Each structure stands twice: as structure tokens, then as C-alpha cells.
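S.K.: Structural data only, the sequence is not supplied:
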């Protein structure tokens, strides 16, 4: 069965972005690019929450967004929203479906793995539902102090097994775990 | 000047303990012991918040507490409380002082480094006051889902520089940063 991976870049205090969505603290050097390039190969579908999508759209230049689109090479990307009209928005599909049911169905379909881009609400919801197979976070050397959390309160504990760690020259530490 | 270090053992979602103070998920194997033993040598004073102290007292057996006392070898330990009567409680000194002023004064006195045991309230307060020189967390392979946070919302960002990382066979990853 295809695997569901929740991950992203975080501060040491586990924020995905500043409260205003700001991500200018992210390090995009050659090591980071190498890490991301190696990661994308295993995925052929991406899901995210509406807030994460809006933040992504607002934070990156048209040029960077184009580069990001090229990197994921036309991979289907679904955005969960309760309020938006479903349908295509550029390279993204807005869906009103329940994220848990939607990801459950995705897992049963043939294909490569499923990337959950966050944010913390969707990630935590899917972890609580037992649908996440791996988590991988690139911990940046900063305490943001406040922001968009990578995890919100969850109803249960999730055991992890460290399968990979990578300490980068830029001070980032990538930790990749299997859910056990 | 002596350095102030805030640190502890955390889950990947950055909790120091369960909501009820439970820490039975902590790994105390030979690698963990080695790591802690090496760390204590540099300190000669310890501070913590009242809640962290109460949790510590409640969670460990008399035998484990005795072992912990022996390990820190009579090191002065101060517990900040607004409500408790100041004075000695076993090996601990309850103080009503403002943590920021107290730690500011400690830093100016001669001696080895100062260990801040937490919790998140004291740690974040001292980070916001610019009094913390290093942070060091031993990230355990678990998502607790809820609990006592290692960081609460802070008023400002704190830049970090990774100075040491240690990946253990037990799946724990110790990350040690200098505040920049």
C-alpha cells in the first residue's frame, strides 16, 4: 500500500511558519535543495490544508511558485477546504471532502506515496486517525517564538522509530521517522 | 561569565512530560546515562519552575530521586514559586524571586554554568529576556500528542547555531545549540 508521509521544515519550537505565514527564515541552500530533490521522487500526490495553501500562495514569488510546480512535475495536489468552491485553482484541486476519508481512499489506490504538506491541523488529524506512515521534519536552527504549529493537540500518542537523520552544514537537522 | 543552558528531554512535538506529568516514555539506557553524566560536569547550580519541581517529585521513586541527588552531588537547586513559603525543602531551595532577576544575578556571580530544568514557562521567559546562552534537547522518538510544552509563546525570535548533535541507537537525537 502507498505510504502517507507528513513533514516539512520547522523551527526548533515546531512552527511551520510565522503567525503571518512568513517563511523567510527557511534556508534554501544547495544542501536543502539536494534533500528536497531526493524526497520528491517517491511521491505522486500531495495534500494540504486550505490555510497552508493560502500561505504558500502568498509567500512565494510567481517565479518560485513556477519552480516549485516544475519540481513536482504536474503532480496532483489537493487542498482541503470546508468553505471554498471545489474545483481547479491553477495546479491545485480544491476539495470539500473529509481529509481522513479522502486520504484513506488515496491509500487504497495504486500509486507512489502521498505527501501531506500540513499544516498542523491536517497532519495531527491524520496522525490521530492512524493514517500517517512516516514523519519527516527538517529542524531549522531558530526559535520562532510563535507561529503556525506543526502539531496541534492530538488525542493519542504516536510511537516513532528513527529511520534516517541528516545533520547539515547550515545547522539544519533532518529527522525522518517511521510510525510504529 | 557563566553560561545559562535551557534543556531537557522532549518528544518530537516538544513536550517535556504528559499532561499529568508522566515521563515513563523517557529512555534511560546506557547511552542516555552517558549523555547526562557528561552534561552535569559543567554545572554547579540548577533552577526550575515550581510545576516542574512538583512533577519531578511526584514522578520518580525515592530511590531514583536519591540517585539523581547523588549525580548532581549537592548542587544548589532553586525552585521559583510565587505562592510557596521560601526556604529549604530537602535538597531544594524555594525562592519567591523573579526568575529573570534571579538568573541575571546568578550569571554575574563566579562559578560553573547554570542549568535551567524548565519547564517551558521559565525557559521561554529566560529566552525572551536574552539570558539563555545555549539550548540542548534530547528528542525522543515519540509524539505525545499533548503535555507540558518545552516552549510557550515567546515575544521574539531567537537565532540558534548548532554546536553538537548526537544520534543514539535508541532513536533519540540530542541537539545542542548556541544562542546567537
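M.R.: Sure, I can see it. It should be emphasised that the depicted structure is a prediction, and the values quoted were computed from it without experimental measurement.
S.K.: pLDDT (mean, whole number) over stretch A:159-178?
M.R.: The average of the pLDDT scores along stretch A:159-178 is 97.
S.K.: let me redo that: stretch A:108-120
M.R.: Stretch A:108-120 comes out at a mean pLDDT of 94.
S.K.: okay, how far is it across that stretch, tip to tip?
M.R.: 24 Å (Cα to Cα, to the nearest Å).
S.K.: wait, does the helix or strand residue A:175 falls within contact chain B?
M.R.: Following DSSP states H and E, one finds residue A:175 within strand A:173-179. Yes - Strand A:173-179 is in contact with chain B by Cβ under 8 Å from any Cβ of the partner chain, via A:173, A:175, A:177. Every residue, glycine included, has its C-beta placed from N, CA and C.
S.K.: Next, the angle strand A:173-179 makes with the host helix or strand of residue A:33.
M.R.: In this structure, residue A:33 sits in helix A:30-40 according to DSSP H and E. Using axes from the mean of the first three to the mean of the last three Cα atoms, to 10 degrees, the inter-axis angle of helix A:30-40 relative to strand A:173-179 is 20 degrees.
S.K.: and helix A:30-40, which residues are buried?
M.R.: Of the residues in helix A:30-40, A:32, A:35, A:39 count as buried by neighbour count, 16 or more other Cβ atoms under 10 Å in any protein chain shown.
S.K.: how about the residues of chain A near chain B?
M.R.: A:12-14, A:25, A:124, A:127-128, A:135, A:137, A:139, A:141-146, A:150-151, A:153-162, A:165, A:167, A:171, A:173, A:175, A:177.
S.K.: Filter the residues you listed down to just the ones in strands.
M.R.: Applying DSSP state E to the residues of chain A next to chain B, the entries found in strands are A:135, A:137, A:139, A:142-143, A:158-162, A:165, A:167, A:173, A:175, A:177.
S.K.: just the buried members of those?
M.R.: Buried among those by 16+ other Cβ under 10 Å: A:135, A:137, A:139, A:142-143, A:158, A:160, A:162, A:167, A:173, A:175, A:177.
S.K.: Mind picking the two most distant members of these?
M.R.: Maximum pairwise distance among these (Cβ to Cβ): 25.1 Å, between A:142 and A:158.
S.K.: Show me the shaky parts of chain A.
M.R.: Counting by pLDDT under 70, chain A shows low-confidence ranges at A:59-62, A:64-73.
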